[in-house]
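J.: Sequence and predicted structure are below.
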Amino acid sequence: MEEEQELNMIVGEEEEEEEEEGGRPKPSSWRKNCDQTEGPKPEPEIEEHRIDIIVEISDKVKNWIGSVGNAKERTPSENPWPSIPKVPDQMLRGTTSSDFKKFYEPRVISFGPYHHGKPHLHSGENIKPLCAKEFLAASSQSIEDVYKKIKSNIEAVRKCYDTNATIKYDDETLAWMMLMDGCFILQFIRCGGNIKVLRGHQLYFVQEDLFLLENQLPFGVLELIFEGAPVIMMKDKIKQYVTADIARLVPVSSESELEKPAHLLDLLRSALLGSGRPEPDSAQDCWKMMKEFLSFQCLFQMIGRLFGRSKETTDSSSQDNNNKWQTFRNIRELKAAGIHFKPSATSFLTDISFEPHFFYGNLILPFLLIDDSTKPRFLNLVAYEMCPDAPKDYEVTSFLCFLDSLIDHPDDVKELRSKKILYNSLGSDEEVARIFNEITDGLVYLNDYKDVKDHIQKHYDKRVNTWIAQALRKHFSSPWTIMAFVAAVIILLLTGAQTYFAIPGN
């Protein structure tokens, strides 16, 4: 009996300890005592059965894992000269081989390793030694000294180009290529594009070959060649040659802005863009705000408020107008809304602005010459801006997309021609409209010129402006109708005055 009492006491103490510690009641011989405790019964423990599958990582996967671990953010190249890339694949989608040869491949002469040695360019290689001889003689330089300077910088030259293009040339061959190509470019520019051994059509094609993306030499190579000849002032002549090709010659940007271009195509881009978009003038902004305040739209809004239209409704409607998508599609629609077009004071592509007036507006656009070289040059400029090491502003691409949003029909080109904004040397307005539509095909429309677009959209949304523009175009489209209107007004005034003075006592 004593042993049973001691056993029950021990079991009771263990149950109390398990309840205090939150433990689980033990099964088997003590199940009866556990059933007498308070609370729900615990669920029986389920044993988990795991099957371990051994997966071996191959050497290929290890290399992939290593590439992720070694991945770094892209940083600008440490090469003293900017890289000269090939045309990006995005620009070549849907491009046939014939289109590539027409817009991106040189026709007469190659510069650099990308197109060097192609069969149709062999005749150009035979001209380079003669041009090198003439330039070095004019600059009083030794060919050995110039070659040594290029050879000492050959590693920087290699880093400028794609490795697959330069790997087949040793250092001596690549340095000699740079020497011959650079001397030809400088001699061609020094002579104003007039090489006696080339015929007229060949000179035109060489001029086009100079501004192809895959046909560029580092500007540092050109500097190595002409820095020993300060007498001929090649740096100024290069700028004059590039800017002279821009229609309606305007002063080039300041010395600091065009001091170190990557290559000739980059120099052409800087000359086209100028010093950037002009900063808004505070005085002009105040005048614009005053004119907008006195406009008919504001008067109608004030009248609407007097008749019970709430301020919140007006504010919400104005906010909705600011958030609208662009609804105008071409020049004709803008003209119908009372928007006129004027040429800017410069030929810089960034010189675009909008001037709102009482019931009409003026869209200021830069002058542009359209000829056979327009499409290939703009395509190469756009391809250059799409490259990783190119400037990040996309100014040329933005200008082309903005102009494409205005030109949708040959009549749009005709209107810009009549305002001296476009000079069409192609002979067909349909061709000009097609060129801009093809250049911008597949491009991403950036949000540049947002202020100009917002001002245009704000003016375009005012119905009063459209009504007034339609009335003026319908009733005052010729000087004869204007003269008839003025005569009618004068007759009415004279009749009114005669009637007034015919009354007795006046």
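T.: Yep, it's here. Numbers count the residues shown, from 1 in each chain.
J.: C-alpha only now, for contacts and for neighbours.
T.: Fine.
J.: Can you report how many residues lie near the residue nearest to residue 185 when sequence neighbours are not counted?
T.: Spatial nearest neighbour of residue 185, chain neighbours left out: residue 210 (8.0 Å); criterion: CA to CA, 6 or more residues apart in numbering. By other CA atoms under 10 Å, 20 other residues sit near residue 210.
J.: Same check on the one 10 residues further on?
T.: Residues near residue 220, counting by other CA under 10 Å, number 19.
J.: so it touches residue 83, yeah?
T.: No: counting by CA atoms under 8 Å, residue 83 is not a contact partner of residue 220; they are 11.2 Å apart.
J.: Got the confidence number for residue 77?
T.: We have a pLDDT of 54 for residue 77.
J.: residue ranges with poor pLDDT in the stretch 251-400 of the chain?
T.: In the predicted model, the stretch 251-400 of the chain carries pLDDT under 70 at residues 251-259, 275-328.
J.: centroid residue for this protein?
T.: Taking CA atoms, centre = their mean, the centroid of the chain lies closest to residue 394, which sits 2.4 Å from it.
J.: do you know how far the closest residue to that one other than its chain neighbours is from residue 104?
T.: Spatial nearest neighbour of residue 394, excluding adjacent residues (CA to CA, 6+ apart): residue 385 at 5.9 Å. As judged by CA to CA, to the nearest Å, residue 385 and residue 104 stand 15 Å apart.
J.: Please report how far residue 334 lies from residue 190.
T.: Taking CA to CA as the measure, residue 334 falls 46 Å from residue 190.
J.: In which helix or strand does residue 146 reside?
T.: Remark: residue 146 resides in helix 143-152, with elements defined by DSSP states H and E.
J.: From the contact counts, what lies against that helix?
T.: Helices and strands touching helix 143-152, by 3 or more CA pairs under 8 Å, 6 or more residues apart in numbering; DSSP states H and E, are helix 171-190, helix 219-226.
J.: Name the helix or strand for residue 400, please.
T.: helix 395-406.
J.: One more: residue 382?
T.: In this assignment (DSSP H and E), residue 382 forms part of helix 374-385.
J.: For the stretch 301-450 of the chain, which segments are assigned as strands?
T.: Applying DSSP state E, counting those that start in this stretch to the stretch 301-450 of the chain gives strands spanning 339-343, 353-356, 361-365, 368-370, 422-424.
J.: Run through who's touching the fourth one.
T.: For strand 368-370, the external contacting residues (CA atoms under 8 Å, 6 or more residues apart in numbering) are 247, 347, 421, 422, 423, 424, 425, 426, 432.
J.: Same check on the first one?
T.: Residues outside strand 339-343 that contact it (CA under 8 Å, 6+ apart): 334, 360-367, 416, 419-421.
J.: before we move on, back to that, what residues are shared contacts of residue 220 and residue 83?
T.: Counting by CA under 8 Å, 6+ apart, the shared contacts of residue 220 and residue 83 are residue 262.
J.: and the helix holding residue 146, which residues are buried?
T.: 146, 147, 150, 151 (16 or more other CA atoms under 10 Å).
J.: now stretch 415-430
T.: Residues 415, 416, 417, 420, 421, 422, 423, 424, 429, 430 are the ones in stretch 415-430 that count as buried (16+ other CA under 10 Å).
J.: cool, stretch 133-144 as well?
T.: Buried residues in stretch 133-144, counting neighbours by 16+ other CA under 10 Å, are found at 133, 135, 136, 139, 141.
J.: Can you tell me which of the residues you listed end up in helices?
T.: Those of the buried residues of stretch 133-144 mapping onto helices are 133, 135, 136, per DSSP state H.
J.: Roughly how far does residue 421 sit from residue 263?
T.: In terms of CA to CA, residue 421 sits 29 Å off from residue 263.
J.: Could you give the number of residues near residue 498?
T.: Neighbours of residue 498 using other CA under 10 Å come to 11.
J.: For it, what is the enclosing helix or strand?
T.: Using DSSP H and E, residue 498 maps to helix 479-502.
J.: Low-confidence ranges, the stretch 401-506 of the chain, go.
T.: Counting by pLDDT under 70, the stretch 401-506 of the chain shows low-confidence ranges at 447, 463-478, 480-482, 506.
J.: hey, C-alpha coordinates of stretch 172-183 in PDB?
T.: Output of stretch 172-183 as PDB, limited to C-alpha atoms (Å, rounded to 0.1, in the frame of the first residue of the first chain):
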ATOM      1  CA  GLU A 172      51.400  48.200 -86.700                       C
ATOM      2  CA  THR A 173      48.600  47.600 -89.300                       C
ATOM      3  CA  LEU A 174      46.100  49.300 -87.100                       C
ATOM      4  CA  ALA A 175      48.300  52.300 -86.500                       C
ATOM      5  CA  TRP A 176      49.000  52.600 -90.300                       C
ATOM      6  CA  MET A 177      45.300  52.400 -91.000                       C
ATOM      7  CA  MET A 178      44.700  55.300 -88.600                       C
ATOM      8  CA  LEU A 179      47.400  57.300 -90.200                       C
ATOM      9  CA  MET A 180      46.200  56.900 -93.700                       C
ATOM     10  CA  ASP A 181      42.500  57.400 -92.800                       C
ATOM     11  CA  GLY A 182      43.200  60.500 -90.600                       C
ATOM     12  CA  CYS A 183      45.400  62.200 -93.200                       C
END
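J.: Give me the contact list for that stretch.
T.: Contacts for stretch 172-183 (CA under 8 Å, 6+ apart): 110-112, 128-129, 131-132, 135-136, 146-147, 150-151, 154, 166, 217, 221-222, 225.
J.: in it, what counts as buried?
T.: In stretch 172-183, the ones that count as buried by 16+ other CA under 10 Å are 174, 175, 177, 178, 179, 180, 181, 182, 183.
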